[in-house]
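1. Okay, here's the prediction I keep looking at, along with the sequence it came from:
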Amino acid sequence: MTEQLKVQLTKRIVELQQRVSAIHHDFADGRDADWSEQAGERENEEVLNALESEAKIEIQHLSNAITRMENGSYGICQTCGEEIAKPRLQVQPAAEKCIQCAD
Ligand SMILES: [Zn+2]
């Protein structure tokens, strides 16, 4: 069960990493764009930046979850030490806190 989840999370990390490199690819394209399009490019760059940091944060959370699976602390709330409810983990496999502590 945990192994299966680990595979899923690993796949998700790979997807996100691909997304991050696709964003870098777009940046490179953007620099070659016409000067007249620079303003639009800059706005676009902000959106891409936001997407990139979101993806990086998620990668971090997912790798932390995998680390916790490996050391046996997966599914335990990092704040109160209680078990995180299964339905919550299904929705948010990388959750580090139970519902009470997350709020
Ligand atoms: Zn908690």
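-> On my side now, so go ahead.

2. Please enumerate the helices of this protein.
-> 2-31, 38-71, 86-91, 99-102 (DSSP state H).

3. Out of the ones you listed, which gets nearest to Gln78?
-> Taking Cβ to Cβ, helix 99-102 is the member of the helices of the chain nearest to Gln78, at 7.8 Å. In short, each C-beta sits where N, CA and C put it, glycine included.

4. Which elements pack onto the helix or strand of the chain with the lowest mean pLDDT?
-> Comparing helices and strands within the chain by mean pLDDT, DSSP states H and E singles out helix 2-31 as the least confident, with a mean of 86. On a contact count with 3 or more Cβ pairs under 8 Å, 6 or more residues apart in numbering; DSSP states H and E, helix 2-31 meets helix 38-71.

5. list the contacts for the residue nearest in space to the middle of the chain?
-> The residue lying closest to the centre of the chain (Cα atoms, centre = their mean) is Glu58, at 1.3 Å. Taking Cβ atoms under 8 Å, 6 or more residues apart in numbering as the criterion, Glu58 is in contact with 12, 16, 94.

6. Fine by me, thanks again.
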